[in-house]
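Novice: 3D, please:
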Amino acid sequence: MTFSYKSQNSSFFSVDSHDLSKSANADIRWQLSQSKLLLRITSAALCFAFVVVCLGAFTRLVHAGLGCPDWPGCYGHLTWPDSHHEIAAAEQAFPESPVDTSKTWPEMVHRYAASILGLLILIIAVVSVRVRLKKVDSSHPFWLPLGLLVLVICQALFGMYTVTLKLWPQVVTLHLLGGFATVSLLWLLALRLRTLVYIGRQKTAAKPIENTITSTSKSLQPRSLGFIKSLSWCAVAVVSFQIALGGWTASNYAGFACHDFPTCQNQIIPNMNFSEGFNLTQSIGPNYLGGLLEGPARTAIHVTHRIGAAVTLFIVLALAITLLRNTSLKKSSYFLMTVLTIQLVLGISNVLLAIPLTIALLHNLFGAILLLTVIYVSYQLISINKQTLISKSINN
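Specialist: Predicted coordinates for the structure are as follows:
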């Protein structure tokens with residue numbers, strides 16, 4: 001079959017529908033290849049982001065945040081001073097900051113790891129812009145990769161200010177939240193790309209590929225779906241706020257304020273100063289290593305973090321129990337309850353064992369995993385509403 005057009009000079013142009021079909025298939029296959037490429041890079045960046053978050057936690061826990069007094073180098077070095085001559089020259093250049101090699105290397109390893117992550121995110125943004133300029137499919141992620149690029153630039157600035165402002169708690173907390181936000185956005189991008197790869201494979205496959213979203217959507221009623229979605233978004237908000245409280249607790253060195261559980265300082269209601277503990281306008285400097293707040297202020301922060309943990313436990317557990325009623329979401333429910341239990345045990349162990357390094361690192365890691373789990377549940381539930389659109393996209 002051909003489509004013909006007669007021009008004013010009576011010349012004829014013919015376009016074969018088979019050629020149009022070949023062109024459309026070529027576009028679909030090109031988009032699928034780009035989605036697969038982006039998914040691989042995003043997955044690598046996500047794994048690396050976990051490493052960066054853990055390295056940041058390690059640097060903070062071994063009190064190496066000011067291991068290098070300058071930025072982006074370390075005592076003027078690309079790595080860190082390690083020979084006697086280099087250490088002597090560094091201490092002469094920075095007399096107020098004696099060199100401690102046990103603290104210089106964690107700081108610089110963290111910086112270089114963060115730089116590699118930034119490079120991966122830059123590549124993701126460039127490929128995404130390239131796909132958008134091709135104008136094959138406007139649904140391909142564009143603003144999310146660009147948002148990630150902006151976020152990682154802000155993270156670099158927070159990293160600089162963490163050093164230059166001598167661990168000012170406001171900046172340290174924002175730096176920690178930026179790290180968790182980076183992991184979360186990479187996770188969302190990976191989920192979105194996985195969906196696009198699925199759609200592309202459906203369009204090019206000879207036989208239909210099983211869609212796990214369909215079975216979920218069939219087993220949920222609209223009323224129950226709306227309730228679970230609201231609960232899942234509430235869980236995301238509560239877990240995010242609890243992570244922020246954890247960052248504020250760590251940046252003010254309030255983890256050691258209570259050494260017993262469930263009481264604090266052997267009291268149900270210890271002496272606390274909330275106005276000082278949560279004073280976000282406190283002055284900058286001179287040096288916040290070890291914290292500057294008085295005992296009652298740190299106790300207020302610690303107890304608030306415990307209250308936040310109780311609220312998080314209630315909301316996330318309610319979500320997990322609700323998910324159990326749906327057959328296709330049971331795996332997510334079991335995983336959510338497992339991560340929540342581990343995180344709770346790690347938090348209590350931190351208090352009773354005076355924040356040992358390994359447990360504290362795992363507490364940070366599972367905090368990120370818990371956040372990604374509730375985000376994944378929310379994404380699953382949102383995808384149910386988009387199932388009709390996905391089916392239409394596959395059929396077109």
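Novice: which stretches of this structure form strands?
Specialist: Taking DSSP state E as the criterion, the chain contains strands spanning 2-6, 12-16.
Novice: so what secondary structure elements neighbour the top helix by length along the chain?
Specialist: Counting residues, the longest helix found in the chain (DSSP state H) is helix 17-61. Counting contacts by 3 or more CB pairs under 8 Å, 6 or more residues apart in numbering; DSSP states H and E, helix 17-61 packs against helix 101-134, helix 169-204, helix 357-385. (Glycine included, C-beta is placed from N, CA and C.)
Novice: now the angle from it to helix 169-204?
Specialist: 150 degrees (axes from the mean of the first three to the mean of the last three CA atoms, to 10 degrees).
Novice: what does the domain assignment say about the chain?
Specialist: 26-208, 210-396 (automatic domain parsing).
Novice: among those domains, which gets the worst mean confidence?
Specialist: If those are sorted by mean pLDDT, domain 210-396 sits at the bottom with a mean of 87.
Novice: Can you give the distance of that domain from its chain's centre?
Specialist: 13 Å (CA atoms, centre = their mean, to the nearest Å).
Novice: Pull the contacting residues for the closest residue to Phe241 other than its chain neighbours.
Specialist: Nearest residue to Phe241, sequence neighbours excluded (CB to CB, 6 or more residues apart in numbering): Gly308, at 6.6 Å. Contact analysis of Gly308 by CB atoms under 8 Å, 6 or more residues apart in numbering lists 238, 241-242, 245.
Novice: ok, Leu372 touching Trp187?
Specialist: Yes: contact criterion CB atoms under 8 Å: Leu372 and Trp187 qualify, at 5.0 Å.
Novice: Show me what stretch 312-329 is in contact with.
Specialist: With CB under 8 Å, 6+ apart as the test, stretch 312-329 has contacts from 212, 215-216, 219-220, 224, 227-228, 231-232, 234-235, 238-239, 242, 330, 332-334, 336-337, 340, 344, 370, 374, 377, 380.
Novice: now stretch 114-127
Specialist: Taking CB under 8 Å, 6+ apart as the rule, stretch 114-127 contacts 34, 37-38, 41-42, 44-45, 48-49, 52, 56, 145-146, 148-149, 152-153, 155-156, 159, 182, 186, 189.
Novice: Give the buried residues for it.
Specialist: Buried residues in stretch 114-127, counted by 16 or more other CB atoms under 10 Å: 114, 117-118, 120-121, 123-125, 127.
Novice: try stretch 350-361
Specialist: 350-351, 355, 359-361.
Novice: The residue nearest in space to the middle of the chain: what's its closest spatial neighbour, skipping adjacent residues?
Specialist: Centroid check for the chain by CA atoms, centre = their mean gives Val183 as the closest residue, at 2.1 Å. Spatially, and ignoring its direct neighbours in sequence, Val183 is nearest to Ala49 (4.6 Å; CB to CB, 6+ apart).
Novice: what's near enough to touch that neighbour?
Specialist: With CB under 8 Å, 6+ apart, Ala49 has these contacts: 117, 179, 182-183, 186.
Novice: Pull the most distant pair out of those.
Specialist: Gly179 and Leu186 (11.0 Å; CB to CB).
Novice: Isn't Ile355 up against Phe256?
Specialist: Yes: counting by CB under 8 Å, Phe256 is a contact partner of Ile355 at 6.8 Å.
Novice: I'd guessed the residue nearest to the centre of the chain sits against Phe50; true?
Specialist: Yes: between Val183 and Phe50 there is a contact at 6.5 Å, judged by CB under 8 Å.
Novice: who touches both of these two?
Specialist: Joint contacts of Val183 and Phe50 (CB under 8 Å, 6+ apart) are Ala368.
Novice: If you drop the residues flanking it in sequence, what lies closest to Leu280?
Specialist: Leu280's closest residue in space is Gln170 (CB to CB, 6+ apart), at 6.3 Å.
Novice: Quick check: the one you found vs Tyr288, distance?
Specialist: Separation of Gln170 from Tyr288 (CB to CB, to the nearest Å): 10 Å.
Novice: Tell me which of the two has more neighbours.
Specialist: Under the criterion of other CB atoms under 10 Å, the comparison of Gln170 against Tyr288 puts Tyr288 first, with 24 against 16.
Novice: distance of the more buried one from Pro81?
Specialist: Distance from Tyr288 to Pro81, by CB to CB: 24 Å.
Novice: now swap in Thr299 and tell me
Specialist: 39 Å.
Novice: same deal with Leu353?
Specialist: 34 Å.
Novice: How about the contacts made by His363?
Specialist: 343, 346-347, 350.
Novice: one more time with 10 Å, if that's ok
Specialist: 57, 246, 250, 255, 342-343, 345-347, 349-350, 355 (CB atoms under 10 Å, 6 or more residues apart in numbering).
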